[in-house]
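> Need coordinates for the below:
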Amino acid sequence: MQRGNLSRRGFLQRSFTALTLGAGLPAWYAHEVLAADQENKAAVSDKLIFGAIGIGSPQSRGRAISGDALGAGKGNVIYTAICDVDAKHRDVATEEMKKRGQDVKAYKDFRELLDRKDINAVTIATPDHWHALVAIDALRKGKDVYCEKPLALTVAESQAIVKVAKQTGRIFQVGSQQRSDARFRLACELVRNGRIGKVQRVETRIGSNPKGTFKVEQPAEGLDWDMWLGPTPKVDYVKQRCHYEFRWWYDYSGGKLTDWGAHHNDIAQWGLGMDGTGPIAVEGEGEAPSREPNSYNCHPTFKVTYTYADGAKLVCSHNQLADAIDRKGADNKGHDNGVLFVGEGDKWLFVNRGKISASDKKLIDEPLGPDAKKLYLSANHMGNFLEGIRTRKPCVCTAEVGHRSVTVCHLGALTLRTGKKFKWDPVNEQADDAEVNKLLSREMRAPWKLDV
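As a prediction, this is how the structure comes out:
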């Protein structure tokens, strides 16, 4: 065995090769990303005590992000508590955590977990309708928070999270992990530095919503259905309402607009330089959802167009093919899910989790100049959160950034649900339509309330 293969130099060379070949990054950029990744790996030195709220099933995001925290923490992150309203999830997760050397206590009520003084931070992966109540309670009880995207169920709820995060000064990371993916950052950095000229249009392709009508059943054994519903209306148990399928009901989420849309529209905002603001006009059309009781009710297919103050358009749809690519006869197969930036003279950049491509390879391969605008460099999303806890430096996707991105998604859902196009004031965060403004918030079922 060659010693060089075990050395730091050998490791760095293998990592560099993986970035340039596996991730499709140009060599000039891969060096930058690798350096940031090495910095993240050395970020955590003190022991951090974590709790997981919404730990979920073995395939859930709750289980995934708790695993990310343990991995990024390199033995310095310790989980002592987990929470879930499903007893089966609690039991299985407790055993899994023990196998990973974590001695955890299981809770059904998140408030009991958050009352513990020994916990420094929490990972939150509940359904969307719980995000605001859980995150705000965690912040007020002195916990740093990693919260899965989308940030909240409504615009008003994400505004409340931003307000409390500022009041408490806690570290907050929204789980929009594409901000820590080198391909997405490179695409946004190239766009922000004028590589395709002035942006004319951004297209985000996020897939369609499923259809289905389902039967009422008895709640699964061990599931506290009333607690799962929490602040949402009391309804009969339907298996397809909860766990992963909650995404396709407007009572609990926003369909693909807040599922994949919270990822890709976030990248659109980043690439357009709109992190602190948003569009000024919204209009959309979509296939009407079923009105049958106990049916998925998010619009199955849709196309939403947002206009920004500088004239750029963002088109978010279930399957919107790119004119610039179509005209050149390029293969559209790889463009079904992702973000397309279209600039001047038919120049374009496309990025998703598998690749970054362009109308001309030189747009990617030619290095940016020394005076280029650089974006926040995070090579590991959970590692960035742990670094934030250690240094108190804001993370790559703060509550404010997550709020602005999910607002775009919510506005898209509102134009579909009301059938109206409207103007939007991104400063005062109000529409020029009373019906739309009413839906920026939702009444919570007692005894739950948003107290900010």
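> Hmm, Phe350 is touching Val342, no?
No: the criterion here is CB atoms under 8 Å, and Phe350 misses it with Val342 at 9.5 Å. Quick note: C-beta positions are derived from backbone N, CA and C, even for glycine.
> helices and strands of this protein: which one has the lowest mean pLDDT?
Within the chain, confidence by mean pLDDT, DSSP states H and E is lowest for helix 323-327 among all helices and strands, at a mean of 41.
> Tell me the first helix or strand C-terminal of that helix.
Per DSSP states H and E, the first helix or strand lying C-terminal to helix 323-327 is strand 338-342.
> Using CSV, write down the CA coordinates of that following strand.
Taking Å, rounded to 0.1, in the frame of the first residue of the first chain, the C-alpha atoms of strand 338-342 are listed here in CSV:
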residue,chain,number,x,y,z
GLY,A,338,-33.9,22.1,-11.6
VAL,A,339,-33.2,25.8,-12.1
LEU,A,340,-32.6,27.5,-15.5
PHE,A,341,-31.2,31.0,-15.7
VAL,A,342,-31.8,32.6,-19.1
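> Give me the below-cutoff pLDDT ranges for this structure.
By pLDDT under 70, the low-scoring segments of the chain are 1-23, 35-45, 320-336.
> So it: which segments form each domain?
Listed domain ranges for the chain are 3-177, 179-375+400-438 (source: automatic domain parsing).
> Out of these, flag the one nearest Arg392.
Minimum separation from Arg392 across these (CB to CB) falls at domain 3-177, 6.7 Å.
> Check the offset of that closest one from the chain's centre.
13 Å (CA atoms, centre = their mean, to the nearest Å).
> Ok, stretch 244-257 next?
That offset, for stretch 244-257, works out to 14 Å (CA atoms, centre = their mean).
> same question, stretch 307-322
Stretch 307-322 has its C-alpha centroid displaced from the chain centroid by 19 Å (CA atoms, centre = their mean).
> and stretch 115-128, which residues are buried?
For stretch 115-128, a neighbour-count test (16 or more other CB atoms under 10 Å) marks Ile119, Asn120, Ala121, Val122, Thr123, Ile124, Ala125, Thr126, Pro127, Asp128 as buried.
> Distance across stretch 419-435, terminal residue to terminal residue?
Distance across stretch 419-435, first residue to last, is 10 Å (CA to CA, to the nearest Å).
> Apart from its neighbours in sequence, what residue is nearest Glu292?
Leaving aside its chain neighbours, Glu292 sits nearest to Thr213 (4.9 Å; criterion: CB to CB, 6 or more residues apart in numbering).
> Okay, buried residues for stretch 360-375 please.
Leu363, Ile364, Leu368, Leu375.
> tell me which of those residues is nearest to Ala132?
When the buried residues of stretch 360-375 are compared for distance to Ala132 (CB to CB), Leu375 wins out at 27.9 Å.
> any idea whether the closest one is helix, strand or coil?
coil (DSSP: H, G, I helix; E, B strand; the rest coil).
> is it true that it touches Asn193?
No: using CB under 8 Å, Leu375 makes no contact with Asn193, being 9.7 Å away.
> Which parts of the stretch 201-350 of the chain are helices?
Under the criterion DSSP state H, counting those that start in this stretch, helices of the stretch 201-350 of the chain are mapped to 225-229, 261-272, 323-327.
> what's the angle between the longest one and strand 338-342?
What that stands for is helix 261-272. If you take axes from the mean of the first three to the mean of the last three CA atoms, to 10 degrees, helix 261-272 sits at 30 degrees to strand 338-342.
> Check which helices and strands helix 261-272 sits against.
Packing partners of helix 261-272 (3 or more CB pairs under 8 Å, 6 or more residues apart in numbering; DSSP states H and E): helix 182-192, strand 201-205, strand 313-317, strand 338-342, helix 399-418.
> Can you give the contact residues for the second one?
Applying CB atoms under 8 Å, 6 or more residues apart in numbering, the set of residues contacting strand 201-205 from outside is 261, 264-265, 267-268, 271-272, 312-320, 322, 335-342.
> Write the ChimeraX selection for whichever of those residues are buried.
For the buried members of the contacts of strand 201-205, the matching ChimeraX selection, counting by 16+ other CB under 10 Å, is:
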select :261,264,265,267,268,271,272,312,313,314,315,316,317,318,320,322,335,337,338,339,340,341,342
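> Tell me the first helix or strand C-terminal of whatever helix or strand Trp424 lives in.
For Trp424, the host element (DSSP H and E) is strand 422-425. Later in the chain than strand 422-425, the nearest helix or strand by DSSP H and E is strand 430-431.
> partners of that following strand, with directions?
Partners of strand 430-431 in the sheet, by DSSP bridges, are strand 422-425 (antiparallel).
> and the partner strand, which residues are buried?
Under 16+ other CB under 10 Å, the buried positions of strand 422-425 are Phe422, Trp424.
> what's it in contact with?
By CB under 8 Å, 6+ apart, strand 422-425 touches 278-283, 411, 415, 430-433, 436.
> Could you check how far it is from the centre of its chain?
From the chain centre to the centre of strand 422-425 is a distance of 24 Å (CA atoms, centre = their mean).
> Kindly export that strand (C-alpha atoms) in CSV.
Extracted C-alpha coordinates of strand 422-425, given in CSV (Å, rounded to 0.1, in the frame of the first residue of the first chain):
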residue,chain,number,x,y,z
PHE,A,422,-52.0,40.5,-7.9
LYS,A,423,-49.3,43.0,-7.1
TRP,A,424,-47.0,42.4,-4.2
ASP,A,425,-45.2,44.9,-2.0
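> if we can go back for a sec, can I get the buried residues of stretch 360-375 in a markdown table including secondary structure?
Formatted as a markdown table, those follow (three-state DSSP):
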| residue | secondary structure |
| --- | --- |
| Leu363 | helix |
| Ile364 | helix |
| Leu368 | coil |
| Leu375 | coil |
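> and which of these is nearest to Gly54?
Using CB to CB, Leu375 comes nearest to Gly54 of these, at 30.1 Å.
> And the closest one, how far from Val155?
Applying CB to CB, to the nearest Å, the value for Leu375 to Val155 is 25 Å.
> same check, this time on Asp181
Distance from Asp181 to Val155, by CB to CB: 26 Å.
> how close does Thr407 get to Ile356?
26 Å.
> and the residue nearest to Glu292, how many neighbours?
Thr213: 12 surrounding residues under other CB atoms under 10 Å.
> list the contacts for it?
Ser290, Glu292, Pro293, Asn294, Ser295.
> Likewise for Thr154?
Contacts of Thr154 (CB under 8 Å, 6+ apart): His410, Leu439, Leu440, Ser441, Arg442.
> ranking these by neighbours, who comes first?
Going by other CB under 10 Å, His410 tops those with 24 neighbours.
> OK, contacts around that residue?
His410 neighbours (CB under 8 Å, 6+ apart): Thr154, Val155, Gly254, Leu257, Thr258, Leu440.
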